[in-house]
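Trainee: I'll drop the sequence and a predicted model, then ask my questions.
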Amino acid sequence: MSYVIGIDVGGTFTDAFATDEHGRVHSAKSPSTPPDFEQGVLNAVDELAAAAGLDTAALLRDTSHICHGTTATLNALVTGDVAAVGFLTTIGHGDSIMIMNLEGRYAGRDSDYVKNMTRHTKPAPLVPRSRIREVVERVDSSGEVVVPLDEERARAAIAELIADGAEAFAVSLLWSFRNPAHERRLRELVHEQAPGAYVGLSSELSPRIREYPRNVTTIMSTQVGPRLRDYLTPLRARLDERGFDGTLLVMQGSGGAITAEDAPDRAITTIGSVLTGGLVGCRNLGRQLGHDNIISTDIGGTTFLVGMVVDGEPVKSTTTVLNQYTISTPTVKVSTIGSGGGAIAWLDAGGNLRVGPRSAGARPGPACYGAGGFEPTVTDADLVLGIVNPDNFLGGRRKLDRGLAEKAIRERIGRPLGLDVEDAAAAIYAIQNAQAADLVRNVVVNAGYDPRDFVVYAFGGAGPVHCVNYSRDLGARAVVVPLGATAATFSAYGLASSDVVLAGEVSDPTNFPVPTGSMQRAFDGLEADLRGRMESQRLPFATVEISREVDVRYSMQLSEVATPVPAGPVDQAAVAADFDELYARLYGSEAGFRAAGHQLITYRAYATGTLPVRPELPRAAVGSGRPRPYGRRRAFLAHEHGWQDVDVYHYADLRAGQAFSGPAVVEADTTTLAVPEGTDAAVDHLGNIVLTNAVLTSRKA
Amino acid sequence: MSRVDDNVLVDGDGELSCAHCGALLAAPGEPHLHRAALRSGDVSLAGPHVRAADPPVVDEQVEFRQLLCPVCGTALLTEVVAAADTATRRTALA
Amino acid sequence: MPVTPVPGSEKFAYRPTPAARLREIAGEHVRLHDVDAEEVAAVDPLTYEVVRHRLESITYEMGEAIKRMSGSVIVTDCNDFNFAIMDEIGDEVEIGLYNTALCAAIDMAVKWTLEHRSANPGIKPGDMFLCNDPWVGGGLHQNDTALFAPLFVGDELFAWTGAVAHQIDLGGVSPGSWSVKSTDVFWESLPTPPVKIVEGGVLRSDIEDVWLRRSRLPALVGLDLRAKIGANHMAQERLNELVDRYGARTVKAVMRRILDNTEQRVRAKLAAIPDGQWSAVAYQDSAREGDTTLYRILLTLTKRGDTLHFDFTGTDPQADGLINCTHAGVRGGMTPALLTALCGDIPWAPAGVFRCVEITSEPGSLNDCTFPAGISKGSVASAWATLNVVTECLGGMLDTHEGSRPNVTGVCLGSWDLALLAGLDQRGAPFVSMVGDAMAGGFGARTDQDGVDTGGMAGAPMGRIPDVEMTEFAYPMLYLWRREEPDSGGPGRFRGGVGGSSCFVMHRSAAPALHLVVSGGGKAIPQSSGISGGYPANTQLDMAIRGADVRAQLAAGHVATSLDEIAGQRQVMPPHLETTLGEDDVYYMAWQGGGGYGDPLHRDPALVEADLRAGKVTAGAAADVYGVVTAPGSGAVDTTATDERRRSLRSERLATARPQGSAR
């Protein structure tokens, strides 16, 4: 079996990427088919086979695994098309998901929302009160049973839930991660009355302290588990019908994949699925280019996504927010910081020029699309500034109307501000760039890092238009624009090149030093569990590696830092010392209060199984010297330099090894790259364009 | 006619009327809601959630008060106040 | 007995000095950076927006930095802190989104420092000042500690940065510094006027020691001090980068423009609203343990054209107790409401907003007290009550205009229900902690929708309460319940948000009892008032049940879900009490919801039906207050019976009413 396939299901397009052991790559793009995305997946596979010059059966027969990034769980949660869940929790605490620790009123929302406090709302309850039942039981912080489970009353509660229409059951009891016995017994009791019913236990899904996010995680996972099962089972069957005999994997939000058999039991881990492909792609490409520290910026028509790779691994967050609910499942941290190329330029009540956060999206889209959008967007500004070519936008797939862009900008921005169209467009462009830099910087700095230590990777339709400007503002070392074989389907490439990663964790909050042996025991338990689960994936892993970490904090402070624990016998003192160092690096040397003592909160382990077939990106055709531009045009690429005559290149004309300087524009099938004056561009061996500052400029007023 | 609040409308001359039944609440020049009816009584009239402190915590009498539209009985202003306080809440539109 | 004035303390009783005079005084000893009106007008829209966005961005970064570095749960888990960027004379240009009341007076502290410290000991690059004296400014009571720093560009003082956060304990007679027996400030934590704690970049150990010496938890307070120093450093680094990039004159011009812009846009909003006058009263029950007096803060809000006049004349004289607040507290009661109701879409530049505002307040009154009145609860007593009355009056005003009506809200969480515990935790270590649950108050109803249930408190857009498990991990407590309370939301056509209750016992403490400080108003009179006929939210109830049989119940496999199920000696808590909680005691606290909007008899019966199903309202209230009748089996609204019931309730109302005449 020599192919691996990555399939990225997006809202508009389903991308497919295939590579074989000889480094041949093929990609295909097919429209997504909501609400049943399955057909779109199969269509993309067909197109992929055609691109490879094979029929579908021949391709699939020869495919060792397909890694699939799905929006199914995310969409289900967003649209509310989820299983009717009955929620069982500890007596006295059934309101946890209503109270939401208050943060549910604003979690994940931007500053404009937060300031407008008189208009705040909490989202609808995850589970209506009629399907919440409190069970009589209580475990305390040390895991001791204070009140045993009242099984009679529990049975009655379960019966009521079933009568109320519960299709699946979520169980989350206080302190169950210390003592899961009551949760497990409740699952048995549920199955007494509803054999085979889907039951999610918090002690299995998210055995971590803090009951509110754990409740949310358990409920959401239970809501989507059945739906995910209903999506993957037929998909698998139809792939099998078409000759597929390999493994179907589903991408998780944590940046690793899981088998389709396993996924529905841990459905919540797949909600970040569509966001991770791009970041994993950056990590994998970074390995090939020698970049360990990457800021990933993905700017499409509707969103601007930012993620980070540090020391060769995607930065993860132990929580994520969806619809103002806080979920405690480790995901790669991808922040949505803006609205992409469709961001609307507007004047606020004070007559100030603002860009976003409202977006024209894909429909009606920018004014220049001629699809009924009348508000000026960033893409309209890019067009008026001569950066984007109306006749060669996205490889000519879409014709843009410059007149409509000018009209929108002139009427809505130019005239009210007393600026001509070009100046107004330049202002929109500059604000978008500066804002992007601020927002990216916030993400990087709030994670504890300095953007100057990073390389920016810029992809998505609108990323390369702006990337040099915002990266320069950030002070990043260089910018890489992935083009070449992966360009059209960068996320699908990420999926195709990912490993299988399983995670396990357990909270055991204890003051340091913890009793001898307990750390070792916790890790041994996690490791044994992970190895067992890896085996049951039944995949021919090339290697299986276990990595371990423990969330540590100073006992009086909030911030827990995941501290790596090297293989071998556990050395507590070394862990504490490593934490001290990590903490000082992230937050400053004065910031840590060692005298308060350490607390170890949560143990976590990852098992990474590498798959035998790994995509090798093909080398681009080689050339030398300066490439030849196909033309010149007047364009505005950067504020400091204003309007200039710039060289315009077709990406297809560029060769590995060639180099050129700004001011220039590169037109590719998937995107446009603006290279302002003062930036040097080089085409690397894979066909990516790498941009560096020739001279750093700054202005003083 | 413009809206003063959920229950009260004002016209160009400053006449206030009930938004629900049209009743006159104040003629132009009269104090705000001059024609409203007033009922007062035990704090329990505010609902089961308002309990007289037991034992009492202050040495003043506390009471429930409500201004009503004299025709349809709509509550225009509802408060729990010290019985001794006469001027608690006032409005004067220009 | 009225407090004895203290001659010599006059210089600390601060009212912000007008800008021109301040420049004169400070200008003798320090060069203040300035730009002229032309430069301000010359800032182009692009530069303005880019620099403005950067300033906002820096403020949010600083907030995150303080959270990461701080050691107090109040800061980290409850978000009770804030940060400000000010210009060279202390006018606040950008503040964070955490506790807005805390940024109501940090400008006062900076201005006072310019006036009183520029000569001696002087204000130089690398200096930082610490202040927890609410008469000077900074915060609203002594726990609120401000740390602010001048930023020099060249040899000119260009701007100030400042961080302020509630400290868990800064001395005084009672743990947590809430001195419930206090008759004056000498019972309480010592107010410290601005002192140069960092000199030329070096933290002065002697002053740090003096500062920490007063606290029961010096390690925690020391940590917070470092967190604030660190945050100021980071802010100044980022501001320096901004100045390097755009030039000092441009950045300052943008700062001025932000203030002008904010002022202009607030004035435009005000001008569109009809002129008028709205007045209301905010009550507080009891000024200290054993006091049975009822107190009043009066406000008459006048809007004329594009200005607001807040007149607190008639407010009670200051009390012998801990509930007074200084002039900083008056502003602290105004700032959260002004920002959230008027500046939802305008930069949060308090100095710009205050240009549109006039304040009449008499020194020696409850919310503008003179030294040495007791103020240890000021922030959540008289300042909070001020916020209540401001919210009500602003609400009446905003309701008269279609454009501003969406920003009306009833009063949120009318009072702070303090339960402070101190003692030894499960591991034998000393602890002091406030029960944060009481922050989960109901928000006031809006004109078009209910108030947010367990939404938080009005002064904290991003407030938070800890998970029960984190509390049980950190402190020796076991919760019987923490839940929303039906009926606690003020009835109305739109219902105020519900509040909630917690009930807990001691669990595994290394000592047999905990120290308990109780301080919660709203027991005599509910403090979350409604608007436009809306009813107030619930009265507060705190209770200890002594010698309770809870442990026996738990051992027998029973968990109580109501106080009625628990036998023992009931002790209803007065508004202030310092006491203990023993191993056989249960503690219950039920805090307030939000005020309602409009007549509950007008509430859409379908919404009441939904409220019943969701447990927000009980059957009794549904029938008696909302006049809604539902079918016993299905719970569906019985329209005919409801119409009849409502008709009958209206008649009942009118039957006992009399013409109100000219009494008002």
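Mentor: Yep, it's here. Numbers count the residues shown, from 1 in each chain, chains lettered A, B, ... in the order given.
Trainee: show me where pLDDT drops low in the stretch 351-500 of chain C?
Mentor: By pLDDT under 70, the stretch 351-500 of chain C has no low-scoring segment.
Trainee: can you give me the helices for it?
Mentor: In the stretch 351-500 of chain C, the helices defined using DSSP state H, counting those that start in this stretch lie at C:382-398, C:468-474.
Trainee: again with the stretch 201-350 of chain A
Mentor: A:202-205, A:211-241, A:273-289.
Trainee: CA atoms only: put the last one into CSV for me.
Mentor: When you say that, I think you mean helix A:273-289. Provided in CSV are the C-alpha atoms of helix A:273-289 (Å, rounded to 0.1, in the frame of the first residue of the first chain):
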residue,chain,number,x,y,z
SER,A,273,-10.5,19.0,13.8
VAL,A,274,-10.8,21.5,11.0
LEU,A,275,-8.5,24.0,12.6
THR,A,276,-5.6,21.7,13.2
GLY,A,277,-4.7,20.6,9.7
GLY,A,278,-3.1,23.9,8.9
LEU,A,279,-1.1,24.0,12.0
VAL,A,280,0.0,20.4,11.7
GLY,A,281,0.9,21.2,8.1
CYS,A,282,3.1,24.1,9.4
ARG,A,283,4.8,21.8,11.8
ASN,A,284,5.6,19.2,9.2
LEU,A,285,6.7,21.6,6.6
GLY,A,286,8.8,23.3,9.3
ARG,A,287,10.6,20.1,10.0
GLN,A,288,11.6,19.9,6.3
LEU,A,289,12.7,23.5,6.3
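Trainee: In that helix, which residues are buried?
Mentor: Within helix A:273-289, the residues scored as buried using 16 or more other CB atoms under 10 Å in any protein chain shown are A:273-286, A:289. For every residue, glycine as well, the C-beta is placed using N, CA and C.
Trainee: From the chain's centroid, how far away is that helix?
Mentor: Centroid separation for helix A:273-289 versus its chain: 10 Å, with CA atoms, centre = their mean, to the nearest Å.
Trainee: returning to that earlier point: the helices of the stretch 201-350 of chain A: which one's closest to A:Thr79?
Mentor: helix A:211-241 (10.5 Å; CB to CB).
Trainee: Can you give me the buried ones in that closest one?
Mentor: For helix A:211-241, by 16+ other CB under 10 Å, it's A:211-229, A:231-232, A:235-236, A:239.
Trainee: same check, this time on stretch A:387-398
Mentor: In stretch A:387-398, the ones that count as buried by 16+ other CB under 10 Å are A:387-389, A:392-394.
Trainee: what's in contact with that stretch?
Mentor: A:368-369, A:379, A:382-383, A:399-402, A:461, A:465, A:635-637, A:648, A:665, A:667-672, A:674 (CB atoms under 8 Å, 6 or more residues apart in numbering or on different chains).
Trainee: Please indicate which of these are buried?
Mentor: Looking at the contacts of stretch A:387-398 with 16+ other CB under 10 Å, the buried ones turn out to be A:368-369, A:379, A:382-383, A:400-401, A:461, A:465, A:635-637, A:648, A:665, A:667-668, A:670-672, A:674.
Trainee: Got the confidence number for residue 530?
Mentor: By default, I'm working from chain A. Turning to A:Leu530, the model gives it a pLDDT of 94.
Trainee: oops, I was thinking of chain C
Mentor: Reading off the model, C:Gly530 has pLDDT 97.
Trainee: So what's the residue count around it?
Mentor: 35 (other CB atoms under 10 Å in any protein chain shown).
Trainee: quick one: the residue lying farthest from the centre of chain B from C:Gln571, how far?
Mentor: Distance from the centre of chain B peaks at B:Pro55, with 28.5 Å (CA atoms, centre = their mean). Distance, B:Pro55 to C:Gln571, by CB to CB, to the nearest Å: 11 Å.
Trainee: got any residues that touch both of the two?
Mentor: Joint contacts of B:Pro55 and C:Gln571 (CB under 8 Å, 6+ apart) do not exist.
Trainee: Which of the helices of the stretch 201-350 of chain A has the lowest mean pLDDT?
Mentor: helix A:273-289 (a mean of 86).
Trainee: got the residues of the stretch 351-500 of chain C near chain A?
Mentor: C:406-409, C:426-427, C:439-440, C:443, C:446, C:449, C:452-456, C:458, C:461-470, C:472-473, C:478-484, C:500 (CB under 8 Å from any CB of the partner chain).
Trainee: what number of residues lie near the closest residue to C:Leu418 other than its chain neighbours?
Mentor: Closest residue to C:Leu418 apart from its sequence neighbours, by CB to CB, 6 or more residues apart in numbering or on different chains: C:Ser519 at 4.2 Å. The number of residues packed near C:Ser519 is 31, by other CB under 10 Å.
Trainee: Quickly list what C:Ser519 is bridged to.
Mentor: Beta-bridge partners for C:Ser519, by DSSP bridges, are C:Leu418, C:His576.
Trainee: now swap in A:Thr326 and tell me
Mentor: A:Val321.
Trainee: Show the pLDDT at it.
Mentor: 93.
Trainee: neighbours of the residue in the stretch 151-300 of chain C that chain A sits nearest to, just the number please.
Mentor: The minimum distance from the stretch 151-300 of chain C to chain A, using CB to the nearest CB, falls at C:Gly247 (2.6 Å). Using other CB under 10 Å, C:Gly247 is surrounded by 15 other residues.
Trainee: And A:Gln324, by the same measure?
Mentor: There are 18 residues near A:Gln324, going by other CB under 10 Å.
Trainee: Please apply the same query to C:Asp450.
Mentor: Neighbour tally, C:Asp450, other CB under 10 Å: 27.
Trainee: Would you mind confirming that it makes contact with C:Gly489?
Mentor: Yes. C:Asp450 lies in contact with C:Gly489 (CB atoms under 8 Å); the separation is 7.4 Å.
Trainee: anything in contact with each of the two?
Mentor: C:495-497.
Trainee: Of those residues, which is the nearest to C:Ala159?
Mentor: C:Gly497 (38.9 Å).
Trainee: Next, work out how far apart the closest residue to the closest one other than its chain neighbours and chain B are.
Mentor: Counting by CB to CB, 6+ apart, C:Gly497 lies nearest to C:Gly442, which is 3.1 Å off, once chain neighbours are set aside. Per CB to the nearest CB, to the nearest Å, C:Gly442 is found 11 Å from chain B.
Trainee: now A:His598, which residues is it bridged with?
Mentor: Going by DSSP bridges, A:His598 forms beta bridges with A:Tyr554.
Trainee: Output the below-cut-off pLDDT ranges for chain B.
Mentor: In chain B, no residues with pLDDT under 70.
Trainee: Strands of that one, residue ranges please.
Mentor: B:2-3, B:8-10, B:16-18, B:24-26, B:37-41, B:62-68, B:75-82, B:90-93 (DSSP state E).
Trainee: Quick check: buried residues in the last one?
Mentor: Put plainly, it is strand B:90-93. Applying 16+ other CB under 10 Å to strand B:90-93 flags B:90-91, B:93 as buried.
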